[in-house]
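Participant: I would like to see how this sequence folds:
(chains A and B)
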Amino acid sequence: MCKISIQGLTHIYNYGQPGERVALQEINGEISQGELLAIIGPNGSGKSTLARHINALLLPTCGTVTVDGLTTADPASRWEIRRRVGMVLQNPDNQLVASVVEEEVAFGPENLGLPPDEVRQRVDRALSVAGLVEQRLRPPHLLSGGQKQRLAIAGALAMKPSCLVLDEPTAMLDPAGRREVMQTLLNLNRQDGLTVVLVTHFMEEAVLADRIWVLSGGRLVMDGTPAQVFRCREALQKIGLALPGPAELAWRLRNCGWPIPDGIYRLEELVTCLVDLLTRNRSGGGLS
Amino acid sequence: MKMDGGRAMILVEHLTHIYAPGTPLALTSLEDVSLHIEEGEFVVLAGATGSGKSTLVQHFNGLLLPTAGRVLVGGRDTRDKKVRRDLWRTVGLLFQNPEQQLFEESVFAEVAFACRNLGLDEKTVEVRVCRALEMVGLEPDRYRALSPFALSRGQQRLVALAGLLAYQPPVLVLDEPTSGLDPAAREQIWQLLKKLQQAGHTVVVITHHMEDAARFAGRVVVLHRGKIYRQGTPRQVFSDPGGLRAVGLDVPMPCELMYCLQQKGLPVKSGIITLDEAELELKNLAMG
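Facilitator: Now for the predicted structure:
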């Protein structure tokens, strides 16, 4: 079952005016229900622009974007699309509006005119999923960065979306905050079946995805599993991206003749492989 | 500019900073912090959100005054208003997400702002601005007339940095200069900062990116809840992954890898912090 379909998507900022800029060119792709898709690419490659098309924040210059069959270009469908596709941006301070945590989460459902019981239920569920129940009555500006982003996620979840698009949600967070947000997203995806589209610069986050889209110069240049994408070291380097640390080390050792299997890009996998190789080597297994 | 061995460029003595002192919202952000930064050093300040890093560096250019203790920059006390008024000429501070502080109509004007405030003549300003733009990799002729707001976020970041470099303050303090940037842009900025240090500048960087800190910093200072938790060379500070994780930080992946291999019984050397060192050590191990 296909969830989001992008066909021939082109986006030109300031179309027809001086300072016209082509941000996306002929993007074609499908995102299935329940997928965790990572979108990576150098600065200026069009990642944020693409993310904003998925919930109709931006409209195509050419091409179409459809969500469950609804087209973003159709004004009558737009609000339903935005209900189904929630969005979380990079800077938590730019997207939080209320002065109390649970009011922040209630904002969306209240605007839908839902009955108070329903709102209460949704708020409680969203706070629980985001791990913010104990902070429910606190002012958002006193939360840590990681907590603020989880609050933004809770606010989106209260709308009961079937897809969440996040544009570099951890870029401004410290390592602990990053871990919290990523764990929340993984739980939502793996346990609740929420489709997650994650725009990120962190390769350690991209490796957690089911699939990765690589953008460069406004074009979709790679579409595959992490194993497939991170096999193309040279191509990634050429467009200004690096492999995740463990994959880079695995590549270097493989390049020197070590029998490191393909598809190693996480630390745990590398540790297991190296322990095995080096232990065998010490008992005469013979490496380089 | 030469390195004068042992002369502190920035001397922090028993610094305590309390926000909103004496009110119900009083928050002790720094507590009895003592630190010295030598001329020509490259220091990384690390710590989880709320550890006091940003508060600390705002004392370096006199934006904040101590609640207790004192801060000397180039031997002059920041508590003196006359000293604070001109401190920006000595200490250039780039805030987090400087794109938010861009305001001029053209990239040229934006980068020239500080130079013009120094009272430099237009010919010198022209030379400085062009050189600063080149240093950050933005071709002057291509970018000078563009509006800063038409650029991508990463490019805006580079423009803000160029604005700092154009007026050449001896001390450069940057608060998370690479957050939100892609790997290529991050590398470019770190290499640039290293070059500036080699040319005699004192460089202080707040960052979460421990891999970069490992490669570029001469000294790492870790803050935790307003106090200095530990400091030393990168090798010294990263030798305790558990201790760093306990205060919300990560260690570089190579450290983590070596630590895991050690735990599994392999006789790996300690003090490995970069990918190159890890590669070498593994090859040495394999050769017995």
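Participant: run a quick neighbour tally on residue B:101.
Facilitator: Burial measure for residue B:101: 12 neighbouring residues, criterion other CB atoms under 10 Å in any protein chain shown. For the C-beta atoms, the positions are set from N, CA and C on the backbone; glycine is no exception.
Participant: spit out the contact partners of it.
Facilitator: By CB atoms under 8 Å, 6 or more residues apart in numbering or on different chains, the contact list for residue B:101 reads B:95, B:160.
Participant: tell me the secondary structure at residue B:58.
Facilitator: With DSSP: H, G, I helix; E, B strand; the rest coil as the basis, residue B:58 sits in helix.
Participant: who's in contact with it?
Facilitator: So residue B:58 contacts B:64, B:93 (CB under 8 Å, 6+ apart).
Participant: helices along the stretch 1-150 of chain B, start to end?
Facilitator: B:53-60, B:81-86, B:107-117, B:122-135, B:140-143 (DSSP state H, counting those that start in this stretch).
Participant: shaky segments in chain A?
Facilitator: A:1-2, A:285-288 (pLDDT under 70).
Participant: export the helices of the stretch 1-150 of chain B to TSV and tack on mean pLDDT?
Facilitator: Listed next are the helices of the stretch 1-150 of chain B as TSV, based on pLDDT from 0 to 100:
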stretch	mean pLDDT
helix B:53-60	94
helix B:81-86	92
helix B:107-117	92
helix B:122-135	94
helix B:140-143	92
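Participant: residue B:162 - nearest residue in space that isn't next to it in sequence?
Facilitator: residue B:132 (4.1 Å; CB to CB, 6 or more residues apart in numbering or on different chains).
Participant: quick one: the one you found and residue B:112 touch, right?
Facilitator: No - at 9.2 Å, residue B:132 and residue B:112 do not qualify as touching, with contact defined as CB atoms under 8 Å.
Participant: between these two, what contacts are shared?
Facilitator: What both residue B:132 and residue B:112 touch, as defined by CB under 8 Å, 6+ apart, is the set residue B:166.
Participant: tell me what the residue nearest the centre of chain A is bridged to.
Facilitator: Chain A has residue A:198 as the residue nearest its centroid, 0.6 Å off, counting by CA atoms, centre = their mean. Taking DSSP bridges as the rule, residue A:198 bridges to residue A:38, residue A:166.
Participant: spit out the contact partners of it.
Facilitator: Each residue near residue A:198 by CB under 8 Å, 6+ apart is listed here: A:36-39, A:166, A:169, A:185, A:205-206, A:209.
Participant: got those as TSV, with neighbour count columns?
Facilitator: TSV is the format used below for the contacts of residue A:198 (neighbours: other CB atoms under 10 Å in any protein chain shown):
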residue	neighbour count
A:36	20
A:37	24
A:38	23
A:39	28
A:166	24
A:169	29
A:185	23
A:205	22
A:206	25
A:209	22
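Participant: could you dump those into TSV with distance to residue B:86 added?
Facilitator: Below are those laid out as TSV (distance: CB to CB, whole Å):
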residue	distance to residue B:86
A:36	53
A:37	52
A:38	48
A:39	46
A:166	44
A:169	40
A:185	48
A:205	44
A:206	46
A:209	51
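Participant: residue in chain A nearest to chain B?
Facilitator: Distances between chain A and chain B by CB to the nearest CB are smallest at residue A:43, namely 3.0 Å.
Participant: secondary structure element for that residue?
Facilitator: Under DSSP states H and E, no helix or strand contains residue A:43.
Participant: disregarding residues adjacent in the polypeptide, which is nearest to it?
Facilitator: residue B:154 (3.0 Å).
Participant: contact partners for the one you found?
Facilitator: Counting by CB under 8 Å, 6+ apart, residue B:154 has contacts A:43-44, B:180-182, B:185.
Participant: count of residues packed around the residue lying closest to residue A:44 once chain neighbours are set aside?
Facilitator: In this structure, residue A:44 finds its nearest non-sequential neighbour in residue B:152, 4.1 Å apart by CB to CB, 6+ apart. Applying other CB under 10 Å, we find 19 residues neighbouring residue B:152.
Participant: from residue A:217, how far off is residue B:152?
Facilitator: Residue B:152 sits 12 Å away from residue A:217, going by CB to CB, to the nearest Å.
Participant: where is the longest helix in the chain?
Facilitator: Picking chain A for this. Longest among the helix segments of chain A by residue count, using DSSP state H, is helix A:175-190.
Participant: look at chain B instead
Facilitator: Per DSSP H, chain B has its longest helix at helix B:183-198.
Participant: which neighbouring elements make contact with that helix?
Facilitator: Under the contact criterion of 3 or more CB pairs under 8 Å, 6 or more residues apart in numbering or on different chains; DSSP states H and E, helix B:183-198 touches strand B:42-47, helix B:153-166, strand B:171-175, strand B:202-206, helix B:210-216.
Participant: now it: mean pLDDT?
Facilitator: Helix B:183-198 shows a mean pLDDT of 89.
Participant: my guess is residue B:150 meets residue A:19, correct?
Facilitator: Yes - between residue B:150 and residue A:19 there is a contact at 5.8 Å, judged by CB under 8 Å.
Participant: between the two, which one's more packed in?
Facilitator: residue B:150 (14 against 9).
Participant: residue of the stretch 51-200 of chain B nearest chain A, please.
Facilitator: Using CB to the nearest CB, residue B:154 is the residue of the stretch 51-200 of chain B that sits closest to chain A, at 3.0 Å.
Participant: what's across from the residue nearest the centre of chain B in the sheet?
Facilitator: For chain B, residue B:205 is the residue whose C-alpha lies nearest the centre (CA atoms, centre = their mean; 1.1 Å). Beta bridges link residue B:205 to residue B:44, residue B:174, judged by DSSP bridges.
Participant: which ones are touching it?
Facilitator: B:42-45, B:173-174, B:177, B:193, B:213, B:216-217.
Participant: adding distance to residue A:96 and neighbour count, write those out as TSV.
Facilitator: Output for these, formatted as TSV (distance: CB to CB, whole Å; neighbours: other CB atoms under 10 Å in any protein chain shown):
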residue	distance to residue A:96	neighbour count
B:42	36	21
B:43	33	23
B:44	30	24
B:45	27	27
B:173	28	26
B:174	26	23
B:177	25	27
B:193	33	22
B:213	30	26
B:216	34	19
B:217	34	26
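Participant: so which of these is the closest to residue B:159?
Facilitator: Residue B:159 has its nearest neighbour among those in residue B:177, at 12.7 Å by CB to CB.
Participant: per-residue pLDDT, the closest one?
Facilitator: 91.
Participant: report how many residues lie close to the closest residue to it other than its chain neighbours.
Facilitator: Nearest non-adjacent residue to residue B:177, counting by CB to CB, 6+ apart: residue B:189, 5.6 Å away. Using other CB under 10 Å, the number of residues around residue B:189 comes to 22.
Participant: contacting residues around residue 77?
Facilitator: Since you didn't name a chain, this refers to chain A. Counting by CB under 8 Å, 6+ apart, residue A:77 has contacts A:56, A:70-71.
Participant: please go with chain B instead
Facilitator: For residue B:77, the contacting residues are B:70-71, B:83, by CB under 8 Å, 6+ apart.
Participant: ok, residue B:184 to residue A:4 distance?
Facilitator: 29 Å.
Participant: what about the two, which has more around it?
Facilitator: Shown here are residue B:184 and residue A:4; by other CB under 10 Å, residue A:4 has more neighbours (27 against 17).
Participant: quickly find the element holding that one.
Facilitator: strand A:2-13.
Participant: ok, now residue A:138?
Facilitator: Short version, using DSSP H and E: residue A:138 is in no helix or strand.
Participant: one step back: the residue nearest to residue A:44 touches residue A:43, doesn't it?
Facilitator: Yes - in this structure, residue B:152 is within contact of residue A:43 by CB under 8 Å, at 5.3 Å.
Participant: burial measure for residue 239, as a count.
Facilitator: If you meant another chain, say so; for now it's chain A. Counted with other CB under 10 Å, the neighbours of residue A:239 add up to 18.
Participant: wrong one, chain B
Facilitator: Residue B:239: 19 neighbours (other CB under 10 Å).
Participant: test my guess that it contacts residue B:270.
Facilitator: Yes - with contacts counted by CB under 8 Å, residue B:239 reaches residue B:270, the gap being 6.2 Å.
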